[in-house]
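1. Sequence first, predicted coordinates after that:
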Amino acid sequence: MINLRGRVIPVVDLRVKFGLKAELAERTCIVVQVKLPGDTLAQMGLIVDAVEEVANLAAAEIEPTPKFGTSLSTEYILGMAKMKGQVKTLLDIDRVVNADSIRVPAQTT
């Protein structure tokens with residue numbers, strides 16, 4: 001949880017969500033106000049390793065997720081996009097940020 005301009009909002013660490021060791025680095029940041037399914041803006045944050053850029057992509061610019069075989073799960077990958085000569089992997093935010101991710105634990109008294 002963080003206090004953002006007087007509002008307490010939940011924060012999800014994507015490293016923990018994906019079963020990785022939680023680490024903070026110089027470029028670690030929190031992305032706030034994530035769009036949820038149905039174009040709803042959630043008052044929540046996602047801890048990410050870094051943000052390189054923010055870009056708008058048309059659906060036609062997104063290529064399907066390639067098959068990596070059975071050893072690598074692509075459950076959270078929306079697709080791939082070519083931007084400025086580089087291939088970017090796109091997270092499927094609808095799957096990453098689901099009801100389980102934003103559930104706030106009940107407070108005990």
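-> That came through, no problem.

2. The chain: helices as residue ranges?
-> 14-17, 93-96, 99-102 (DSSP state H).

3. Output the contacting helices and strands for the second one.
-> Other elements packing on helix 93-96 under the criterion 3 or more Cβ pairs under 8 Å, 6 or more residues apart in numbering; DSSP states H and E are strand 35-36. The way it works is simple: take the backbone N, C-alpha and C, and place the C-beta from them, glycine included.

4. Show the average pLDDT along stretch 29-41.
-> Regarding stretch 29-41, the rounded mean pLDDT is 74.

5. which residues does the closest residue to V11 other than its chain neighbours contact?
-> Distances taken as Cβ to Cβ, 6 or more residues apart in numbering place G45 nearest to V11, at 4.2 Å, with adjacent residues excluded. Applying Cβ atoms under 8 Å, 6 or more residues apart in numbering to G45 gives the contacts 2, 4, 9-12, 30-32, 34.

6. how does it look with 10 Å?
-> 1-2, 4, 9-13, 29-34 (Cβ atoms under 10 Å, 6 or more residues apart in numbering).
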